[in-house]
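# pasting the sequence and the predicted coordinates here, then a few questions.
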Amino acid sequence: MCGAPDQAVALPAGTDLTKETVLAGRVVADGSPVGGAFVRLLDGTGEFTAEVVSSASGDFRFFAAPGTWTVRALSRRGNGESVLTPEAPGLHQTEIAVA
Amino acid sequence: MSREDVLVTADWAEKNLGTEGIVFLEVDEDTTAYDGGHLPGAVKINWTTELQDEVRRDIPTQEQFSALLSAKGVKNDDLVILYGGNNNWFAAYAYWEFKLYGHENVKLLDGGRKKWELDGRTLTTEVPSREATTYSAKPADDSIRAKRDEVVDAIGNKNLVDVRSPDEFSGKILAPAHLPQEQSQRPGHIPSAINIPWSKAANEDGTFKSDEDLTALYGEAGFDAGKSTIAYCRIGERSSHTWFVLRELLGHDDVKNYDGSWTEYGSLIGVPIELGAR
């Protein structure tokens, strides 16, 4: 699922990936990107931490910390979720399939 | 106070778009959201430039608030319906400012943009033109706004409700996880505060939970209904959401929003700070 980091992922200027733990991903339905999905970040206990809206290309990102995180998407195409377990700072990527 | 006095449903909003005397105002954390589509007839408010002073760190003055609503074409007796993205965070913040400056007739759209979008209701990019008015704000009502000295005095005395996420409360992170880690000088929370994340008051679609669920939620977390309350978060917008729940939905008397919140408190010299989960 997570191959080589996608160098095209746009991060804010000044983002230091040796310090920041960035969780990034894409929301897809039947293989095509879903923009406008509501993506929430839940911590290891399932507690809501943050929510963003996916871009037109289905992309989203969070600034988090090492640990266990669930990213959950709600959209008109359906809902879905994915789990990330970053162990160190850096860019960590995933894909959420909604149905 | 009942729920109907402070909230409208998406169905109600859809039927009342374009009605004389009702003004829909959109306030988003992402200030470009409106431009990509909004409720037909709704007017945009930019919280970064219009709901705070642009030089000093403060809310707009009475004069600035009057000028803002005049320019937006809002009359003193209009019914204002506020809504926005991110589960109405900034719409709730705007609601708090409207109440602070004495606007009587203001309500939130339950679920905000999120429910509207998930329902697949109409959005437009057409920007309405409203004739300017002569709006006159009342003097600020300080009974709903807490400042730093009052917050320090409230330690151990009042309900201090920290509505940030558990990791912000414990001091693990300084800001919500969708923002770069920056802001206050020190992490942690105000001693004696209870942690009831704002998100627990909302359903997944952004609507508020039922009064029964909300009463149970705060009660179980140690909220003392017999005491005065100050709610805070990082910059005062998520705590507006909880302020709305405690004062407007549940009808508690003395509830204040601390808009300085953690970015102020966590940078003050000499005040007590507590770390760790509760």
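Sure thing, it's come through.

# for the closest residue to B:Ala202 other than its chain neighbours, grab the count of nearby residues.
Distance criterion CB to CB, 6 or more residues apart in numbering or on different chains; nearest residue to B:Ala202, sequence neighbours excluded, is B:Asn87 at 5.2 Å. (Glycine included, C-beta is placed from N, CA and C.) Neighbours of B:Asn87 under the rule other CB atoms under 10 Å in any protein chain shown: 30.

# part of a strand, is B:Asn87?
No. Assigned with DSSP: H, G, I helix; E, B strand; the rest coil, B:Asn87 falls outside any strand and is helix.

# quick one: contacts for it?
A:Glu51, B:Gly112, B:Lys114, B:Trp198, B:Ser199, B:Ala202, B:Gly206, B:His241 (CB atoms under 8 Å, 6 or more residues apart in numbering or on different chains).

# possible to save these as a markdown table with secondary structure, neighbour count and distance to B:Glu168?
Below are the contacts of B:Asn87 laid out as a markdown table (DSSP: H, G, I helix; E, B strand; the rest coil; neighbours: other CB atoms under 10 Å in any protein chain shown; distance: CB to CB, whole Å):
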| residue | secondary structure | neighbour count | distance to B:Glu168 |
| --- | --- | --- | --- |
| A:Glu51 | strand | 26 | 15 |
| B:Gly112 | helix | 28 | 22 |
| B:Lys114 | helix | 23 | 22 |
| B:Trp198 | helix | 26 | 11 |
| B:Ser199 | helix | 21 | 12 |
| B:Ala202 | strand | 23 | 17 |
| B:Gly206 | coil | 26 | 21 |
| B:His241 | helix | 28 | 15 |
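
# in chain B, what residue lies closest to chain A?
B:Ser199 (3.7 Å; CB to the nearest CB).

# give me the distance between that residue and B:Phe90.
15 Å (CB to CB, to the nearest Å).

# again, but for B:Asp35
Distance from B:Asp35 to B:Phe90, by CB to CB: 15 Å.

# show me where chain B has helices.
B:3-6, B:10-16, B:47-50, B:62-72, B:85-100, B:112-118, B:148-154, B:166-170, B:211-220, B:238-243, B:261-265 (DSSP state H).

# give me the buried positions along the third one.
With burial defined by 16 or more other CB atoms under 10 Å in any protein chain shown, the residues of helix B:47-50 counted as buried are B:Trp47, B:Glu50.

# just the C-alphas of it, formatted as PDB.
Output of helix B:47-50 as PDB, limited to C-alpha atoms (Å, rounded to 0.1, in the frame of the first residue of the first chain):
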ATOM      1  CA  TRP B  47     -12.600  35.300  10.400                       C
ATOM      2  CA  THR B  48      -8.900  36.100  10.000                       C
ATOM      3  CA  THR B  49      -9.600  39.600   8.800                       C
ATOM      4  CA  GLU B  50     -13.100  40.400  10.000                       C
END
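
# what about that helix, average pLDDT?
Averaged across helix B:47-50, the pLDDT comes to 92.

# show me which residues of chain B are close to chain A?
Proximity of chain B to chain A (CB under 8 Å from any CB of the partner chain) is limited to residues B:30, B:33, B:85-87, B:114, B:117-118, B:120, B:165-167, B:172-173, B:175-181, B:197, B:199-200, B:204-205.

# in chain A, which helix or strand is least confident?
Sorted by mean pLDDT, DSSP states H and E, the helices and strands of chain A end with strand A:48-53, the least confident at a mean of 87.

# may I see the buried residues of that one?
Those buried within strand A:48-53 under the rule 16+ other CB under 10 Å are A:Phe48, A:Thr49, A:Ala50, A:Glu51, A:Val52, A:Val53.

# low-confidence ranges in chain B?
B:1, B:177-182 (pLDDT under 70).
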